[in-house]
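Student: Take this sequence and fold it.
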Amino acid sequence: MEIPPRSPDGSEKSPQGKELVPSNTESTLCMSSRSESVWTSASRSKWDIYHKPVIVVSVGAATFLFGTVITSLSCFLTKNKNVYKMSGPAFLSLGLMLLVCGLVWIPIIRKKQKQRQKSQFLQSLKSFFFSR
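Tutor: All right, here's what the predicted structure looks like:
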């Protein structure tokens with residue numbers, strides 16, 4: 001059985017290759033921001049980098065303030081006092097949790113940005129010295 005010669009540009013396909021149907025499925029894992037940030041070297045704006053933690057901090061602060069208002073209503077209003085006493089601390093704790101998570105997320109992103117810059121610098125040095 002003889003294998004047909006292939007052209008250097010790969011334009012000729014084998015008969016078996018013509019029968020195969022290309023798959024259109026893509027993994028969502030490969031589409032994550034982590035895989036994109038490793039392979040793309042285009043600079044991004046500060047908003048593109050920090051928009052998620054800023055949104056989390058904003059929502060956390062708003063929820064915390066809402067919980068503060070609801071809790072203080074239990075002191076002033078006598079109608080539905082038990083509802084305010086139960087839901088106020090829940091909103092306080094949820095808002096505080098989101099606020100702290102967002103505030104911790106920002107230094108983590110900064111550290112990753114510094115590591116990425118160092119990595120790109122080392123890759124450029126390696127490619128400079130080993131390409132000769």
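Student: which is the next helix or strand following the worst-scoring helix or strand of the chain on mean pLDDT?
Tutor: Lowest on mean pLDDT, DSSP states H and E among the helices and strands of the chain sits helix 33-39, with a mean of 48. Using DSSP states H and E, the helix or strand that directly follows helix 33-39 along the chain is helix 46-76.
Student: ok, residue 75 to residue 95 distance?
Tutor: Counting by Cβ to Cβ, to the nearest Å, the gap from residue 75 to residue 95 is 19 Å. C-beta: built from backbone N, CA, C; applies to glycine.
Student: The two: which is more packed in?
Tutor: Under the neighbour definition other Cβ atoms under 10 Å, residue 75 and residue 95 were set side by side, and residue 95 has more, 20 against 10.
Student: Which secondary structure elements does the host helix or strand of the more buried one sit against?
Tutor: Assigned by DSSP H and E, residue 95 belongs to helix 81-130. With contacts taken as 3 or more Cβ pairs under 8 Å, 6 or more residues apart in numbering; DSSP states H and E, helix 81-130 sits against helix 46-76.
Student: for the helix it packs on, which positions count as buried?
Tutor: Buried residues in helix 46-76, defined by neighbour count with 16 or more other Cβ atoms under 10 Å: 49-50, 53, 56-57, 60, 63-64, 66-67, 70-71, 73-74.
Student: which of these lies closest to residue 114?
Tutor: The closest of these to residue 114 turns out to be residue 49 (Cβ to Cβ; 12.2 Å).
Student: Tally up the residues packed near the residue nearest to the closest one when sequence neighbours are not counted, please.
Tutor: Nearest non-adjacent residue to residue 49, counting by Cβ to Cβ, 6 or more residues apart in numbering: residue 109, 6.3 Å away. Look at residue 109: counted by other Cβ under 10 Å, it has 13 neighbours.
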